[in-house]
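**Q** output the structure for:
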Amino acid sequence: MDIFSILTLAGGLAMFLFGMNTMGDGLVKVSGGRLDSILEKLTSNRIKGVLLGAAVTAVIQSSSTTTVMVIGFVNSGIMNLTQAVGVIMGANIGTTVTSWILSLTGISGGGFLISMLKPSSFSPVLAVIGIVLTMTAKDNERKRDIGSILLGFAVLMFGMETMSGAVEPLVENEHFTSILTMFSNPVLGVLAGAVLTAVIQSSSASIGILQALCATGAVPYAAAIPIIMGQNIGTCVTAMISAVGAGRNAKRASMMHLYFNLIGTIVFMTAFYIVNAAVGFSFLDDVANAVGIAMVHSLFNIICCVVWFPFAGLLVKLAVRTIPDQRPKAPEEPEETPDELAVPGDRFLEKPAFAVKICWDTTVQMAEMAQRSLNYCIRLLADESGQFDEQTAVIEKRAARYEAALSVYLMKISSRSLSAQDSRQISVMLQCIRDFERIAGHVASVRDSVAALREKEIHISESGMQELMVYARATQDILSHTIAAYRNMDLAKARSIEAYEEATDSMSVELRQRHIDRLRSGRCSMDAGLILEEMITAFEHVLDHCSYVGACMIRICSEEDLTEQDKIPLEDSREFREDYRKIREKYVLPERQE
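**A** Residues are numbered from 1 along each chain as shown. Purely as a prediction, here's the structure:
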């Protein structure tokens, strides 16, 4: 093998890895976050988790990406470890689909149909279709992504063919044959497979390289099987890197992935070689081919999944014991764990569509955290005997931290190649996270006012309290409505937020006027009046920021997302007037007390 053959091999490997990466990115973009949502919502039991993990991985051609998704969901509190373990098992099965696709390079035969199944026959057709879609669909992002998928697949197959052709002369090279013979030693074979996969961070790619080497006719199953086992261990590196800097549960999810493959490999290899010692598998000396590699890869992962499935709970416990909980939280710590809100690490920037999804879920949780604090403060306001703690103060500080961290991270994502939908979501998030952070701050002001009432033993008059509670309940409902609109990017709900805000504006004016009347008549103390004014102002600010969120969603959405009805000015629309009327009827202040 001369220098030119080595250069050809390197070029083939480069094309192979580039094609796999391009195809994977295109598949993730075409999914448009839908696969993420499926994983998030349909993992209610372990069987569903395994099936979904396998299906999603088969579609996006990367178990590493699926596992990284799972770690992100676990880190953000969307998925628990019990749900995650099933998806991780399924991802290992789904990744074997790639090896079966790559095994098409080994098809032989002279018939037309057989010839068309060969990558060398259909890859040029896919490449032509892909480049036409990419170059002509300038305004159609979906077609461009499909073109990228086809081009990526074609380049991947060309790279596979190039590698196979480059290594064919090695069949007569004694040094190469002796190196492969070394890998017949199970320990060396596992180490070689693990190191190769850890370096390129793709088990599918490393399996493809092994399948290409089979073209030499010098790779026996005795060497191929240990290497395949090691490749399943090496693929865990990607997930473990993704968990660096994440919360404890994310680290546990990455450890579950490692233990699944590591213990599965040890058990499989031990059982296999014990049986081999007793029976003697004759096929171990046979020359491996691409189909055989795919078959061994699939059998190993399916067997591991079947064996581990009844003991999934044990896998979770093992991960928890490996990464135990920290010391008990101090009394002033909030109920939510730091893992509940998560900013993805830089590793996730390689899959910006997924990073956007995680950030979106985090901003939703920021808003829900503020909502829980508001509900808590209003309960304390209504019930003087309720237990008081520092939860809202801690939440305000946490919201401020995450607002700053998310802003920086979203700016990093915005420099990547994004779909139009992801780009809009980033624009919405960059503006709305500030509003959610400020809402948490104004809720903290409500908390301070309630604390002042208790500490100074100040009592608001009965009529003043009744009126304030009507306004407080309206604020609760509007915040809940705003979060629902934001969570689902629901433009219809976003448009109705303004009707809520307009309807409550006149309520705050009326509240203040009644308060002044009570002060003049001596039915309310000055101290109580000041605190009442502070709470009315805080509620007003919460409502203002809800309005800003709705306006931002409508403003940033593109024209094609808006119906003709949506383009009518709010104040002129029938829906606005109807919403305004319903809200005015729902939140009615009690009769004035003279």
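
**Q** all contacts plus neighbour counts: C-alpha atoms, from now on.
**A** Fine.

**Q** list the buried residues for the top helix by length along the chain?
**A** Longest helix in the chain, counting residues (DSSP state H): helix 420-455. Buried residues in helix 420-455, defined by neighbour count with 16 or more other Cα atoms under 10 Å: 422-430, 432-451, 453.

**Q** try stretch 346-364
**A** For stretch 346-364, by 16+ other Cα under 10 Å, it's 347-349, 351-364.

**Q** equivalent analysis for stretch 510-527, please.
**A** Within stretch 510-527, the residues that qualify as buried are 511-512, 514-515, 518, 523-524, counting by 16+ other Cα under 10 Å.

**Q** how about the helices in the stretch 151-300 of the chain?
**A** Using DSSP state H, counting those that start in this stretch, the helices assigned to the stretch 151-300 of the chain run over residues 174-182, 186-200, 203-213, 221-234, 236-242, 248-279, 290-308.

**Q** one step back: what's the longest helix of the chain packed up against?
**A** Under the contact definition 3 or more Cα pairs under 8 Å, 6 or more residues apart in numbering; DSSP states H and E, helix 420-455 sits against helix 352-382, helix 391-414, helix 526-556.

**Q** which helices and strands does the second one pack with?
**A** Looking back up the chat, that one is helix 391-414. For helix 391-414, the packing partners by 3+ Cα pairs under 8 Å, 6+ apart are helix 352-382, helix 420-455.

**Q** any low-confidence regions in the stretch 351-500 of the chain?
**A** Within the stretch 351-500 of the chain, the ranges that satisfy pLDDT under 70 run 384-393.

**Q** let me fix that: the stretch 1-150 of the chain
**A** 1-2, 28, 30-44, 60-61, 76-78, 105-120, 138-139.

**Q** all helices for it, in order.
**A** Using DSSP H, counting those that start in this stretch, helices in the stretch 1-150 of the chain cover 3-31, 34-41, 46-60, 63-75, 81-94, 96-102, 112-117, 119-136, 141-167.

**Q** spatially nearest residue to residue 192 (excluding sequence neighbours)?
**A** Nearest residue to residue 192, sequence neighbours excluded (Cα to Cα, 6 or more residues apart in numbering): residue 227, at 6.3 Å.

**Q** and the residue lying farthest from the centre of the chain, how far from residue 514?
**A** Centroid-distance maximum for the chain: residue 521 at 58.7 Å, with Cα atoms, centre = their mean. Separation of residue 521 from residue 514 (Cα to Cα, to the nearest Å): 11 Å.

**Q** next: residue 524.
**A** Counting by Cα to Cα, the gap from residue 524 to residue 514 is 11 Å.

**Q** got it, and residue 547?
**A** Going from residue 547 to residue 514 by Cα to Cα gives 26 Å.

**Q** swap in residue 466?
**A** Distance from residue 466 to residue 514, by Cα to Cα: 12 Å.

**Q** again with residue 121
**A** According to Cα to Cα, residue 121 and residue 514 sit 83 Å apart.

**Q** and what of residue 62?
**A** In terms of Cα to Cα, residue 62 sits 64 Å off from residue 514.

**Q** burial measure for residue 297, as a count.
**A** 24 (other Cα atoms under 10 Å).

**Q** contact partners for it?
**A** Residue 297 sits next to 96, 99, 228 when contact means Cα atoms under 8 Å, 6 or more residues apart in numbering.

**Q** contacts only, for residue 99.
**A** 204, 207-208, 290, 293-294, 297.

**Q** which of the residues you listed tops the neighbour count?
**A** residue 208 leads the contacts of residue 99 on contacts (other Cα under 10 Å) with 29 neighbours.

**Q** relative to residue 480, how far out is residue 198?
**A** According to Cα to Cα, residue 198 and residue 480 sit 46 Å apart.

**Q** just residue 523 next, same as before
**A** Per Cα to Cα, residue 523 is found 34 Å from residue 480.

**Q** and what of residue 259?
**A** 41 Å.

**Q** contacts for stretch 456-467 next, please.
**A** Contacts to stretch 456-467, defined as Cα under 8 Å, 6+ apart, come from residues 452-453, 511, 515, 523-525, 527-529, 532, 589-590, 593.

**Q** do that again at 6 Å, thanks
**A** For stretch 456-467, the surrounding residues in contact (Cα atoms under 6 Å, 6 or more residues apart in numbering) are 528, 589.

**Q** distance from it to the middle of the chain?
**A** 46 Å (Cα atoms, centre = their mean, to the nearest Å).

**Q** and what of stretch 407-423?
**A** Mean-position distance between stretch 407-423 and its chain equals 15 Å (Cα atoms, centre = their mean).

**Q** again with stretch 122-141
**A** Remark: stretch 122-141 is offset 29 Å from the chain centroid, using Cα atoms, centre = their mean.

**Q** with stretch 469-478 instead?
**A** Computed by Cα atoms, centre = their mean, the chain-centroid distance of stretch 469-478 equals 33 Å.
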